[in-house]
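Enquirer: Attaching a predicted model along with its sequence, questions to come.
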Amino acid sequence: MSSLSAQPQASSSSCRTLPGEGSQVKPKAPLLQILRVAGAQEDVFTLKEVMHYLGQYIMGKQLYDKQRQHIVHCQDDPLGELLEVESFSVKNPSPVYEMLKKYLVVIGCGDAAVNLSVGRECVEGGMEDRGQ
């Protein structure tokens with residue numbers, strides 16, 4: 001395993017391992033509490049795992065709209081407080097990543113924002129493949 005943290009931060013463009021393909025993220029305490037409610041026991045996850053547990057949380061608490069299931073109503077839930085929204089759509093996950101990234105620290109890389117924005121394309125395509 002190579003140590004990316006040894007690289008200077010100025011070369012963050014060379015640190016482009018995608019979170020969905022092996023990079024690990026560490027959720028900050030408020031997000032980690034929500035993931036724990038969904039059954040997560042780890043402290044470090046891939047971005048894909050974070051999204052999986054977030055989906056489990058939403059389904060378990062039935063926060064989705066019964067007719068338009070891509071809409072999540074979270075105004076009276078800790079998730080809504082965390083993301084500072086009353087509702088959001090999971091049809092396009094990009095805004096969800098934007099809301100989550102301030103609660104995720106990418107392990108082994110100096111620039112988490114670059115990693116999460118680069119990782120979106122990878123994870124968006126892989127979310128439907130969870131049943132493997």
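Expert: Good, I have the coordinates.
Enquirer: mind listing the helices for the protein?
Expert: All helices of the chain, identified by DSSP state H, fall at 29-37, 47-60, 78-83, 94-100, 112-126.
Enquirer: tell me the mean pLDDT for the last one?
Expert: When the per-residue pLDDT values of helix 112-126 are averaged, the result is 44.
Enquirer: ok so, going back, same list (the helices of the chain) but as JSON lines, adding mean neighbour count.
Expert: Where you see a C-beta, it was placed from the backbone N, CA and C, and this is true even at glycine. Below are the helices of the chain laid out as JSON lines (neighbours: other Cβ atoms under 10 Å):
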{"stretch": "helix 29-37", "mean neighbour count": "16"}
{"stretch": "helix 47-60", "mean neighbour count": "19"}
{"stretch": "helix 78-83", "mean neighbour count": "18"}
{"stretch": "helix 94-100", "mean neighbour count": "16"}
{"stretch": "helix 112-126", "mean neighbour count": "17"}
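Enquirer: which of these has the lowest average pLDDT?
Expert: helix 112-126 (a mean of 44).
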